[in-house]
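Undergrad: prediction below, plus the sequence it came from.
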Amino acid sequence: MPDLDRIVKDIAEEMRARPDRGAVASYIPELARADPQAFGLVVIDGDGRVAAGGDADIPFSIQSISKVFTLTLALGMVGDRLWRRVGREPSGSPFNSIVQLERENGIPRNPFINAGAIAVTDVILSGHQPREALGEILRFMQFLAQDDSIAIDDRVAASEKRTGFRNAALANYMRSFDVIENPVDYTLGVYFHHCAIAMTCRQLATAGLFLAYSGHHPLAGHSVISAERARRINAIMLTCGHYDGSGDFAYRVGLPGKSGVGGGILAVAPGRASICVWSPGLDAAGNSHLGRIALEMLVKRTGWSIFGV
Ligand SMILES: NC(=O)CC[C@H](N)C(=O)O
């Protein structure tokens, strides 16, 4: 990918020089240690060709990007019954908002806001010990990224556990509607830990390949999910992957994407590539500021937006 390699490296260089970098998340104290100057961008296609720029191999906290993978796992476990516990409409609200839950019988709007992801985690936990459920999620990430070294950053998990009062409120509130079925502490423990998985842009882009290739992971040589399910997960990423910034992300970038407060964004160019960008500074909606700008540049220069050039 000679041209693509140039494009990715140019973007990484331009991003490194920019003064506007957003604000690193600090509500989880351990995340505040991230270097605001960091920037990484990796594009991987179905033949395993890689274009990488900047800090492509520095691990960062994947946070809400994990929600794409827990959704995939939960759908594999209970299929469409999942949609009894969580919706699939954009929330138009911040990622940790609680107000809609009261009006909507404790059913979160979608699997990518915190409440929805906690409900999805509860589904994965059912019938298991927290340690087993977490092991399953971690092994799934290692398999998809083709890298057994991927691990949970226990300091980040502990930091969020100490300060995660808002998520505890969401989980307890859903428990009162039986949308959460397991002990709230167990469900939250698994949730905090899967958010605290640390991965590099290269690993995350590899892990996302199955979404770019109709459920088939070209490097693992496996069908992970059906083409139909991959298409649907991409649809939810497009409409809900950036919280109340999802409309703007679709407008500017036009790719299914999922952000995390660690500053990562996983984006999918169907049939073309899986992309991961990382810059820890966030915008007001909690999405990577330079990550979004870099993806906007990438689609302009490649013509990869799903809505056309
Ligand atoms: N948007 C995010 O990445 C939020 C994830 C974070 N673990 C939280 O629950 O607050």
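TA: Happy to help now that I have it. Residues are numbered from 1 along each chain as shown.
Undergrad: quickly find the element holding residue 239.
TA: helix 227-240 (DSSP states H and E).
Undergrad: run the chain-centre distance for that helix.
TA: 13 Å (CA atoms, centre = their mean, to the nearest Å).
Undergrad: then stretch 256-268?
TA: That offset, for stretch 256-268, works out to 5 Å (CA atoms, centre = their mean).
Undergrad: and it, average pLDDT?
TA: For stretch 256-268, the mean pLDDT works out to 98.
Undergrad: also stretch 53-61?
TA: Per-residue scores along stretch 53-61 average to 98.
Undergrad: that older thread, tell me which strands and helices the helix holding residue 239 is in contact with?
TA: Helices and strands touching helix 227-240, by 3 or more CB pairs under 8 Å, 6 or more residues apart in numbering; DSSP states H and E, are helix 66-78, helix 209-212, helix 246-252, strand 257-259. C-betas here are computed from N, CA, C, even on glycine.
Undergrad: contact partners for the residue of the stretch 101-250 of the chain found nearest the ligand?
TA: Residue nearest to the ligand within the stretch 101-250 of the chain: residue 195 (3.6 Å; CB to the nearest ligand atom). Contacts were defined as CB atoms under 8 Å, 6 or more residues apart in numbering; by that measure residue 195 touches 61-64, 66, 156-157, 160, 260.
Undergrad: repeat the analysis, applying 10 Å as the threshold.
TA: Applying CB atoms under 10 Å, 6 or more residues apart in numbering, one finds that residue 195 lies in contact with 28, 61-67, 70, 114, 117, 121, 152-153, 156-157, 160, 164, 167, 260-262.
Undergrad: can you check residue 168 too?
TA: 118, 161, 184-185, 188.
Undergrad: as TSV, the helices and strands packed on helix 227-240 with mean neighbour count would be great.
TA: As requested, these are arranged in TSV below (neighbours: other CB atoms under 10 Å):
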stretch	mean neighbour count
helix 66-78	22
helix 209-212	26
helix 246-252	18
strand 257-259	30
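Undergrad: what separation do you get for the residue nearest to residue 199 when sequence neighbours are not counted and residue 45?
TA: Spatial nearest neighbour of residue 199, chain neighbours left out: residue 62 (5.2 Å); criterion: CB to CB, 6 or more residues apart in numbering. According to CB to CB, to the nearest Å, residue 62 and residue 45 sit 22 Å apart.
Undergrad: of these two, give the one with the bigger neighbour count.
TA: residue 62 (33 against 20; other CB atoms under 10 Å).
Undergrad: correct me, but the more buried one touches residue 198?
TA: Yes - under the criterion of CB atoms under 10 Å, residue 62 makes contact with residue 198 at 7.1 Å.
Undergrad: and for the two, which residues touch both?
TA: Common neighbours of residue 62 and residue 198 (CB under 10 Å, 6+ apart) are 150, 153, 156, 262.
Undergrad: list the contacts of the most centrally placed residue in the chain.
TA: The chain has residue 65 as the residue nearest its centroid, 1.4 Å off, counting by CA atoms, centre = their mean. Under the criterion of CB under 10 Å, 6+ apart, the neighbours of residue 65 are 112, 195, 197, 199, 204, 207-208, 241, 257-262, 264-266, 276, 278.
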